[in-house]
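In: next one to model:
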Amino acid sequence: RGSLLHQETDGPKLGRLLMSRVFETSLRDSNLVGNLYFGNFASWQGHVRDVFMHQLIPEYYRGKGERGEVVCTGFSLDYLREAMPFDRIELEMYLGAVYESGVDLAFEYHRIEPDESRTKLAIARHSAAWAARDEAGTYVPAPWPQDVMNALMGSVSRLRSAPQ
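Out: Numbering: from 1, shown residues only. Next up is the predicted model:
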């Protein structure tokens, strides 16, 4: 992933908030036990990361990744509480560290209660790299597109939340 360019400081917050999104769940998100299927959490995480990147470089998301693409290099998810169908789940994505060709992200999942308070459901870590394919079709690290680097390094003062 190259050299470390920026590391968020340790503290009670996970880092700088990059994006948040609220997911409205239903029965289709549940399993046979009746709670929300655990795979949804990983899917939502990838969705938020992709929407964040697409907002910065939409032209890179046309085609088959000829100009490069984000590749997940690591993932962990710790569940703290169950969620049920029809819960509103807010997912927040935070910056952890920026590398020449990679990024560490942190995520928090909260249930939005009927009174609008929030209950933490899970925390997650996600590492990703920007990669391009060489002549043989193998992924090789590549520098971030400039618009992504600017956003990760704080040059973009505020990104809008993903539409619901």
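In: which parts of the helix or strand encompassing S76 are buried?
Out: Using DSSP states H and E, S76 falls within strand 69-79. Within strand 69-79, the residues that qualify as buried are E69, V70, counting by 16 or more other Cβ atoms under 10 Å. In short, each C-beta sits where N, CA and C put it, glycine included.
In: for the record, mean pLDDT for that strand?
Out: Averaging pLDDT along strand 69-79 gives 94.
In: okay, now the sheet partners of the very next helix or strand once past that strand, with direction.
Out: Counting by DSSP H and E, the element after strand 69-79 in chain order, helix or strand, is strand 88-99. Under the criterion DSSP bridges, strand 88-99 sits next to strand 4-7 (antiparallel), strand 17-24 (antiparallel), strand 102-112 (antiparallel) in its sheet.
In: compare these and say which comes out lowest on pLDDT.
Out: Across the strands paired with strand 88-99, strand 4-7 gives the lowest mean pLDDT, at a mean of 90.
In: closest to the centroid, which residue in this structure?
Out: R49 (3.3 Å; Cα atoms, centre = their mean).
In: for that residue, list the residues it contacts.
Out: V70, M93, L105, H126, A128 (Cβ atoms under 8 Å, 6 or more residues apart in numbering).
In: which strand or helix spans it?
Out: Since the elements are taken from DSSP H and E, R49 ends up inside helix 39-56.
In: for that helix, which positions count as buried?
Out: Applying 16+ other Cβ under 10 Å to helix 39-56 flags N40, F41, W44, Q45, V48, R49, V51, F52, M53, Q55, L56 as buried.
In: so how far is G46 from F38?
Out: Distance of F38 to G46, computed by Cβ to Cβ, to the nearest Å: 14 Å.
In: please read the previous query as pertaining to G102.
Out: From G102 over to G46 the distance is 16 Å, taken as Cβ to Cβ.
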